[in-house]
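Q: Quick one, structure for this:
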Amino acid sequence: MLAKTLFILVQLIAASGILLAQSLKFAFVTDTHIGGQTAAEDLRRTVNDINSLPDLQFVILSGDITEFGSDEELRLAKQILDSLNKPWHIIAGNHDSNWSESGSNSFLKVFGGETFSFAAGGYFFAATSSGPNMRMGPGQVPRENLVWLDSVLAAMPDPEMPLIYINHYPQDSSQNNWYEAIDRVKKKNVQLLLCGHGHSNRRFKVEGIPSVMGRSNLRAKDSIGGYNIVTIQNGIASFDERKPVIPTNRKWTEVVLADHHFDKDTTSYFRPSFAVNNKYAQVRQIWGYQDQSDIGAGTAKSKDLVFATNTKGLIYALNRKTGARVWQYQTGGKIYSTPEYTGGCLLAGSSDNFIYCLSATTGNLKWKFPARKAVLGSVVVKDSRVFIGSSDGHFRAIDLKSGKLIWDFDKVKGFVVTKPLIYKGLIYFGCWANDFYALDLKTGALAWKWNNGASNRMFSPAACYPVAAKGRVFIVAPDRYMTSFDAKTGRVIWRTQMKNVRVRESMGSSHDKSLVFVKTMDGELYGISTTASEMELSWKAQLRLPYELTPSAIVEDRGVVYVPSHSGLASAIDRKTGKVLWQYKTSNCLMNPIMPLEKNKVIVSTMDGKIACLEYSSR
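A: As a prediction, the model looks like this:
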């Protein structure tokens, strides 16, 4: 009788789908960094090794597939991975998106998606990509990926199915919006988190969820790279580090998979604080708009409208008084180009390789101009000429009315993402190849070019908006140097790196042109003299933000200096005294340049698709 009872119990367990009797085995590969010195060979070895193991059911690749997100690197990665003899699933990491010449568009095209979900062995796998896309800052799950995650989790074949969530970053404050993803998966039976980014095997917990970081596939200082083999059996996930060529396995951790019943968890976990919004009573939000995609560029304005772009390829207009959408225009690629309004026209570039001119009142297309690659740079307009750089090695001048080419400088070594500067008959811009250019505004002829001498292109002066004053042009870059040039000749007047003033990309000009504002990585705001013979700290604000990376420009308007942060905080500083007038936090994600409206009103936008109109009183 007892034997019969046990037999029936075993059958019931098997029929109910309980996972203890099921087995699952897959390869977990991360941080391949194709473009690095040994990366391609390391990945080929891993692919060959995986192909030799018939018991592996699929492969998961959790980001930083390439070193620089270039089209060439992505194609090479795809070519190598196509040799796998089993299914593989892939997401992007920060290296694939932050320096992408395609505006993160090529990853989507080459690999067919930037998220994935599937069921296997009784488990549901869901993965989102992570930025920051085209802007330096902490990681971020793109807004459109979160919208996708909502739909995928809602459509799970069984709401109680055990969930394994994958992202490139550890799910902690190294991502600005980690909690938005965590709060979503904790509504389900999430049992395991997988990530890369740290290049080492590590086990930890995130809000009670077991989490495992995988080692980089690169060999680093070793002679052979490696990856992980994950075996799920009897409710336990075992992780074996695998080294191809030798080949060897080293079991380094096991994780018990279980339903943690987070719906009953009363633990209070850290979340970003918005308490600062109660500190300054003189500032308030008049209206807010939530996009369903990222907003990776600044805004523009007309008398009645506010203009924005997003990573779904939309250019659109909002009512300036209410924030309601008035019109939208769909392009064919993600947009990281700040729109420009002039004379009834709205201009922007798109990663679909076109420069667009729309009617600002209706959104109807006036003309579009083709480039050979993505257009990630922003427009400036002068004397009915449109000036913009792209990813195809070209910088162009286009007639505003007709959309016809006026001149074309075709010798840009890297791709352009910045907003150029016009000053005294020249136009200035940097690129992601360590070069900084000055072209003749009328002819496009090269006036001068400067290179910072760095071997790593990630130190390029590409993301800052150059500033000019007193016959000089100023730039800052990720190498933490600030450089002052003679605007006409390109002669370096001074070039300085201060250990205690770690400048990095975020800069702007004072209204009287006496100062260049620079924000440091330590969250301080300085004013640098525009006339001194060396880098002279002439002014300092009474502002101290936490560790700070956003490259967004600093703006002064009517005696107020507006400072964006990488955590959605806007700070308003009195130009004369340096005192903080007010602060307001609309998000926890990277803030684009703040746009002043009429007196005492500003528009702020953040990478997670939020746009808000703030109003403040002077006192």
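Q: Find the nearest non-adjacent residue to the spatially most central residue of the chain, please.
A: With distances taken as CA atoms, centre = their mean, Pro132 lies nearest the centre of the chain, 1.7 Å away. Nearest non-adjacent residue to Pro132, counting by CB to CB, 6 or more residues apart in numbering: Gln140, 5.3 Å away. All C-beta atoms are positioned from the backbone trio N, CA, C, and that covers glycine.
Q: OK, contacts around that neighbour?
A: Residues near Gln140 by CB atoms under 8 Å, 6 or more residues apart in numbering: Ser130, Gly131, Pro132, Asn133, Gln175, Asn176, Asn177, Asp294, Cys589, Leu590, Met607, Asp608.
Q: Dump those to TSV, plus secondary structure and distance to Lys86.
A: Below are the contacts of Gln140 laid out as TSV (DSSP: H, G, I helix; E, B strand; the rest coil; distance: CB to CB, whole Å):
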residue	secondary structure	distance to Lys86
Ser130	coil	25
Gly131	coil	29
Pro132	coil	32
Asn133	coil	30
Gln175	strand	30
Asn176	coil	35
Asn177	coil	33
Asp294	coil	33
Cys589	coil	36
Leu590	coil	37
Met607	coil	36
Asp608	coil	35
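Q: Looks like Lys419 contacts Val380 (just checking).
A: Yes: with contact defined as CB atoms under 8 Å, Lys419 reaches Val380; the gap is 6.4 Å.
Q: Between the two, point out the one with more neighbours.
A: Per other CB atoms under 10 Å, whichever of Lys419 and Val380 has more neighbours is Lys419, with 24 against 19.
Q: Could you look up the SS state of the more buried one?
A: Using DSSP: H, G, I helix; E, B strand; the rest coil, the structure places Lys419 in coil.
Q: what's the answer for the one 10 residues further on, then?
A: Of the three states, Phe429 takes strand according to three-state DSSP.
Q: hang on, it packs against Val417?
A: No: contact criterion CB under 8 Å: Phe429 and Val417 do not qualify, at 9.4 Å.
Q: hey, what's in contact with both of these two?
A: Joint contacts of Phe429 and Val417 (CB under 8 Å, 6+ apart) are Gly377.
Q: These two - which one has more neighbours?
A: Set side by side, Phe429 and Val417 show more neighbours around Val417, with 31 against 28, by other CB under 10 Å.
Q: quick one: which of the contacts of Gln140 is nearest Leu405?
A: Set against Leu405, the nearest of those by CB to CB is Asn133 (29.3 Å).
Q: Give me the spatial nearest neighbour of that closest one, chain neighbours excluded.
A: If the residues on either side of it in the chain are set aside, Asn133 comes closest to Ser97, at 4.4 Å by CB to CB, 6+ apart.
Q: Also Tyr179?
A: Nearest to Tyr179 is Arg271, by CB to CB, 6+ apart, at 5.6 Å.
Q: Please work out how many residues are found near the one you found.
A: Residues near Arg271, counting by other CB under 10 Å, number 12.
Q: Got the confidence number for it?
A: Per-residue pLDDT puts Arg271 at 95.
Q: That one and His168, how far apart?
A: Arg271 sits 22 Å away from His168, going by CB to CB, to the nearest Å.
Q: Ala281 now?
A: 40 Å.
Q: what about those two, which has more around it?
A: It is His168, of Ala281 and His168, that has more neighbours when counted by other CB under 10 Å, with 30 against 11.
Q: before we move on, what SS does that one have?
A: Going by three-state DSSP: His168 is coil.
Q: which residues touch stretch 39-53?
A: 27, 29, 32-34, 56, 59, 67, 76-77, 80-81, 83-86, 217-219, 224-227, 229, 242, 244-245, 247.
Q: Let's see which of those end up in strands.
A: Among those, the residues falling in strands (DSSP state E) are Ala27, Val29, Val59, Tyr227, Ile229, Arg242.
Q: Look up how far Phe116 lies from the residue nearest to Tyr179.
A: Arg271 sits 28 Å away from Phe116, going by CB to CB.
Q: if we can go back for a sec, residues touching the residue nearest to Asn133, list them.
A: Neighbouring residues of Ser97 by CB under 8 Å, 6+ apart: Gly69, Ser104, Phe107, Ser129, Ser130, Gly131, Pro132, Asn133, Met134.
Q: which residue sits closest to the last one in space, ignoring its chain neighbours?
A: Put plainly, it is Met134. Looking at Met134 with CB to CB, 6+ apart, the closest residue is Tyr336, at 4.5 Å.
Q: What residues sit buried inside the strand or helix carrying Leu108?
A: According to DSSP states H and E, Leu108 maps onto helix 105-111. Residues Asn105, Ser106, Phe107, Leu108, Val110, Phe111 are the ones in helix 105-111 that count as buried (16 or more other CB atoms under 10 Å).
Q: Average pLDDT for that helix, rounded please.
A: Regarding helix 105-111, the rounded mean pLDDT is 94.
Q: looking just at contacts, which helices and strands does that helix meet?
A: Other helices and strands packing on helix 105-111, by 3 or more CB pairs under 8 Å, 6 or more residues apart in numbering; DSSP states H and E, are helix 71-81.
Q: mind running it again at 10 Å?
A: Using 3 or more CB pairs under 10 Å, 6 or more residues apart in numbering; DSSP states H and E, the elements in contact with helix 105-111 are helix 71-81, strand 88-91, helix 94-97.
Q: Mind listing what's buried along the longest one?
A: Residues of helix 71-81 classed as buried under the neighbour-count rule (16+ other CB under 10 Å) are Asp71, Glu73, Leu74, Leu76, Ala77, Lys78, Ile80, Leu81.
Q: For that helix, name the packing helices and strands.
A: Contact partners of helix 71-81 among helices and strands, from 3+ CB pairs under 10 Å, 6+ apart: helix 39-51, strand 59-62, strand 88-91, helix 94-97, helix 105-111.
Q: Out of those, which is closest to Ala487?
A: The closest of those to Ala487 is helix 94-97. By CB to CB, the value is 33.8 Å.
Q: Kindly format the C-alpha coordinates of the closest one as CSV.
A: Taking Å, rounded to 0.1, in the frame of the first residue of the first chain, the C-alpha atoms of helix 94-97 are listed here in CSV:
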residue,chain,number,x,y,z
ASN,A,94,27.0,49.5,-22.1
HIS,A,95,29.9,49.0,-24.4
ASP,A,96,27.5,48.1,-27.2
SER,A,97,25.4,51.2,-26.8
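Q: Relative to the whole chain's centre, how far out is it?
A: Mean C-alpha position of helix 94-97 versus that of the full chain (CA atoms, centre = their mean, to the nearest Å) differs by 8 Å.
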